[in-house]
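[1] Pasting the sequence and the predicted coordinates here, then a few questions.
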Amino acid sequence: GKLAQADVRQRLYCSKTPSSQPCPGNRAFYFQCPWGAHNATSMSCSLADVMSEQLAKELQLEEENAAFPEVVAVAEGPFITGENIDTSSDLMLAQMLQMEFDREYDAQLRREEKKINGDSKVSISFENYRKVHPYDSDSSEDEVDWQDTRHDPYRADKPTTTPRKGFIGKGKDITTKHDEVVCGRKNTARMENFAPEFQVGDGIGMDLKLSNQVFNALKQHAYSEERRSARLHEKKEHSTAEKAVDPKTRLLMYKMVNSGMLETITGCVSTGKESVVFHAYGGNATEDKVIPPECAIKVFKTTLNEFKNRDKYIKDDYRFKDRFSKLNPRKIIRMWAEKEMHNLTRMQNAGIPCPQVVILKKHVLVMSFIGQDQVPAPKLKDVTLHSEDMKKAYYQVLNMMQQLYKECNLVHADLSEYNMLWHDGKVWLIDVSQSVEPTHPHGLEFLFRDCRNVAQFFQKAGVAEALNERELFNAVSGLNITADNEVDFQAEIEALEKMNEDHVQNHGKKLSVFSGDGDPPIYNE
Ligand code: ADP
Ligand code: MG
């Protein structure tokens, strides 16, 4: 761990002083990317495995590379293998250094671009070679310029080596306090004065020279880090839950706390295959938003493998059709979050009990928390209800399914006792990222599956009034499929879907029955 960390710093250091310093630990010279290349670890598996894994990894890294080149590779690389070593602040540090490096690189590029183009009317753009692109510069949106701050909480108590007069030496050997090297060393030494829990690693022992800009960035980070930890409960649970998400996501979540939108993030409520859900206490209201006292933060997992089998939900959803083909996998994951937001909003508008959307940031969706005092409401499968309540729950679910279909023009598509919560004496629907409109090529099949889950659950729970899955399907959809057995019923559903698809093929999707929300689905014709 320690060695690896030192190695990171040395690489960073080498990359920042390419001409003046020899590179002690590494013979290779890293200019393009200060992280250099990974040592490929040899694995004993088939070529096909390596290829597909590699492909998945490449796809995943593609977008991140635009913002923090190689940083994610580092997170997955050899530096984090020591499980008991908290490298999170090192990673942040590395990210900031990387950004600094990228900015310098771009500045140099701009100079070269200018030199080449001169006054020429036709110019060559270097835009594509830039490391920092306008759309990912949002990470600096809430940066504070510390140079202008009078009171500096991290100023060294004892004045450092440069004497009061501001210079030492004589003649041309004079060194002022503005000397880059002296200043850099001083900055490094001042890192020791950051809050004790802020880990700066073992770089202080080395002859590190941090530029003012980097130092200020670190200081800013250390400060917000301290503020954050003062606000967040220092719970074990919290820190382990935190590690369930990648550094960029963590940064996103920290920003929500630092902006005051959230008061504290208390811990993880659920870790699923496709998402991690956190509990948070709401913070201050903004001009246009009231934040609920308790919030749920749903982080859609950015590991691609989990989402592979969900393609069919979104790929065939005409609402996303035009966008799907152009997107990389990471953007598709954001689309899941976006979909959940839209679907929740529709449900909210129809008055169906469900979480209220607070905000969506990339693949992180904040909504109201169903439950109380950090305890999420129990799932219907876990709650023991009196028969009266169970009957009430059944009729409510039947009602909600109809509303969802008719008023929201949606099919839940993952409805079961796992995605219904019992809270405040009623059933709440959650987990609607995969919900589709009934005219989705598989919409009716999804609905039938939902009906089967619901019918079976309530029948087992002893609700005598509960319709069977076929009756329920007809009651929800308003269709009148008469088949009296499952196989035929399923076949009729698929025939209807096929008919609908042909209709779309022939008439195009701009047909009025397909356009707005709330239009009756074509099956009602
Ligand atoms: P997944 O796709 O991982 O199943 P869910 O949306 O179902 O995601 O969330 C997983 C779990 O997190 C739920 O079963 C529930 O216990 C909890 N949860 C999700 N959203 C909320 C919420 N708004 N309020 C309270 N608990 C929630
Ligand atoms: Mg779920």
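    Done, it's in. Ligands and ions are numbered 1, 2, ... in the order given.

[2] And the pLDDT at Lys158?
    pLDDT, Lys158: 41.

[3] do the same with Asn284
    Here, the pLDDT recorded for Asn284 equals 89.

[4] Burial check on the residue nearest to it when sequence neighbours are not counted, number of neighbours?
    Leaving aside its chain neighbours, Asn284 sits nearest to Gly260 (4.7 Å; criterion: CB to CB, 6 or more residues apart in numbering). All C-beta atoms are positioned from the backbone trio N, CA, C, and that covers glycine. By other CB atoms under 10 Å, the residues close to Gly260 number 13.

[5] ok, now Asp502?
    10.

[6] And the helix or strand hosting it, what does it pack against?
    If you go by DSSP states H and E, Asp502 is part of helix 486-507. On a contact count with 3 or more CB pairs under 8 Å, 6 or more residues apart in numbering; DSSP states H and E, helix 486-507 meets helix 443-460, helix 469-477.

[7] Those residues of the stretch 351-500 of the chain touching ligand 2, which are they?
    For the stretch 351-500 of the chain, the contact set with ligand 2 under CB under 5 Å from the ion comprises 419, 431.

[8] For ligand 2, what is the nearest residue in the stretch 351-500 of the chain?
    Among the residues of the stretch 351-500 of the chain, Asp431 lies nearest to ligand 2; the distance is 3.8 Å by CB to the ion.

[9] That residue belongs to a helix?
    No: under DSSP: H, G, I helix; E, B strand; the rest coil, Asp431 sits outside any helix and is assigned coil.

[10] Neighbours of the residue nearest to it when sequence neighbours are not counted, how many?
    Distances taken as CB to CB, 6+ apart place Asn419 nearest to Asp431, at 4.2 Å, with adjacent residues excluded. Asn419 has 19 neighbouring residues, counting by other CB under 10 Å.

[11] thinking again about what came up before, buried stuff in the helix holding Asp502?
    Neighbour-count burial for helix 486-507 flags 489-490, 493, 496-497, 500, 503-504 (criterion: 16 or more other CB atoms under 10 Å).

[12] Model confidence at the closest residue to ligand 1 within the stretch 201-350 of the chain, what's the number?
    Using CB to the nearest ligand atom, Gly272 is the residue of the stretch 201-350 of the chain that sits closest to ligand 1, at 2.7 Å. On the pLDDT scale, Gly272 is placed at 85.

[13] mind checking the backbone torsions on it?
    When quoted as degrees, to the nearest 10, the phi and psi of Gly272 stand at phi -110, psi -170.

[14] same thing with the one 10 residues further on?
    For Gly282, the backbone dihedrals (degrees, to the nearest 10) come out as phi -70, psi 150.

[15] What is the burial count for it?
    Residues lying near Gly282 (other CB under 10 Å) number 19.

[16] Contacts only, for the residue of the stretch 351-500 of the chain closest to ligand 2.
    By CB atoms under 8 Å, 6 or more residues apart in numbering, the residues touching Asp431 are 340, 414, 419.

[17] what helix or strand is the residue nearest to Asn284 on?
    Assigned by DSSP H and E, Gly260 falls within no helix or strand.

[18] Ligand 2 contacts on the chain?
    By CB under 5 Å from the ion, the residues of the chain that approach ligand 2 are 419, 431.

[19] What are the boundaries of the strands in the chain?
    With strands called from DSSP state E, the chain shows them at 167-168, 175-176, 262-271, 275-282, 294-300, 357-361, 364-368, 371-372, 375-376, 420-423, 426-429.

[20] lowest-confidence stretch among those?
    If you rank the strands of the chain by mean pLDDT, strand 175-176 sits at the bottom with a mean of 58.

[21] Distance to Gly462 added to the strands of the chain, as JSON lines?
    As requested, these are exported to JSON lines (distance: least, CB to CB, whole Å):
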{"stretch": "strand 167-168", "distance to Gly462": "88"}
{"stretch": "strand 175-176", "distance to Gly462": "86"}
{"stretch": "strand 262-271", "distance to Gly462": "28"}
{"stretch": "strand 275-282", "distance to Gly462": "31"}
{"stretch": "strand 294-300", "distance to Gly462": "31"}
{"stretch": "strand 357-361", "distance to Gly462": "35"}
{"stretch": "strand 364-368", "distance to Gly462": "32"}
{"stretch": "strand 371-372", "distance to Gly462": "26"}
{"stretch": "strand 375-376", "distance to Gly462": "26"}
{"stretch": "strand 420-423", "distance to Gly462": "16"}
{"stretch": "strand 426-429", "distance to Gly462": "17"}
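
[22] right, and the ones you listed - which one's nearest Ser123?
    Among the strands of the chain, the nearest to Ser123 by CB to CB is strand 357-361 (36.5 Å).

[23] what angle sits between that closest one and strand 294-300?
    40 degrees (axes from the mean of the first three to the mean of the last three CA atoms, to 10 degrees).

[24] Any stretches of the protein with poor pLDDT?
    1-97, 99-100, 130-210, 223-244, 302-327, 508-525 (pLDDT under 70).

[25] Go through stretch 470-481 and flag the buried ones.
    Neighbour-count burial for stretch 470-481 flags 470, 472-474, 476-477, 479, 481 (criterion: 16+ other CB under 10 Å).

[26] what's the answer for stretch 456-469, then?
    Buried residues in stretch 456-469, counting neighbours by 16+ other CB under 10 Å, are found at 457-459, 461, 463, 466-467, 469.

[27] next one: stretch 403-423
    Using 16+ other CB under 10 Å as the test for burial, stretch 403-423 gives 403-417, 419-423.

[28] What is the burial count for the closest residue to Met420 other than its chain neighbours?
    In this structure, Met420 finds its nearest non-sequential neighbour in Leu380, 4.3 Å apart by CB to CB, 6+ apart. Neighbourhood size, Leu380 [other CB under 10 Å]: 23.

[29] same deal with Ala350?
    If we define neighbours as other CB under 10 Å, then Ala350 has 18 of them.

[30] What distance do you get for the closest residue to it other than its chain neighbours to Glu445?
    Distances taken as CB to CB, 6+ apart place Glu407 nearest to Ala350, at 4.2 Å, with adjacent residues excluded. Distance, Glu407 to Glu445, by CB to CB, to the nearest Å: 22 Å.

[31] that older thread, can you pull the phi/psi pair for the residue nearest to Met420?
    The phi/psi pair for Leu380 (degrees, to the nearest 10) reads phi -60, psi -30.

[32] Thought His423 was touching it, still the case?
    No: at 10.4 Å, Leu380 does not count as touching His423 under the criterion of CB atoms under 8 Å.

[33] What residues does the residue lying closest to Leu385 once chain neighbours are set aside make contact with?
    What sits nearest to Leu385 in space, not counting adjacent residues and going by CB to CB, 6+ apart, is Ala393, at 6.5 Å. Neighbouring residues of Ala393 by CB under 8 Å, 6+ apart: 380, 385, 422, 426-427, 458.

[34] nearest to ligand 1, of the helices and strands packed on helix 486-507?
    Closest approach to ligand 1 among these is made by helix 443-460 (14.0 Å; CB to the nearest ligand atom).

[35] Give the buried residues for the closest one.
    Buried residues in helix 443-460, defined by neighbour count with 16+ other CB under 10 Å: 443-455, 457-459.

[36] Next: stretch 396-403.
    396-398, 400-401, 403.

[37] Kindly export it (C-alpha atoms) in CSV.
    Extracted as CSV, the C-alpha positions of stretch 396-403 are listed here (Å, rounded to 0.1, in the frame of the first residue of the first chain):
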residue,chain,number,x,y,z
GLN,A,396,-55.4,-0.5,-3.5
VAL,A,397,-52.9,-2.4,-5.7
LEU,A,398,-55.6,-3.3,-8.2
ASN,A,399,-56.6,0.4,-8.3
MET,A,400,-53.0,1.6,-8.7
MET,A,401,-52.3,-0.8,-11.5
GLN,A,402,-55.4,0.5,-13.4
GLN,A,403,-54.3,4.1,-12.7
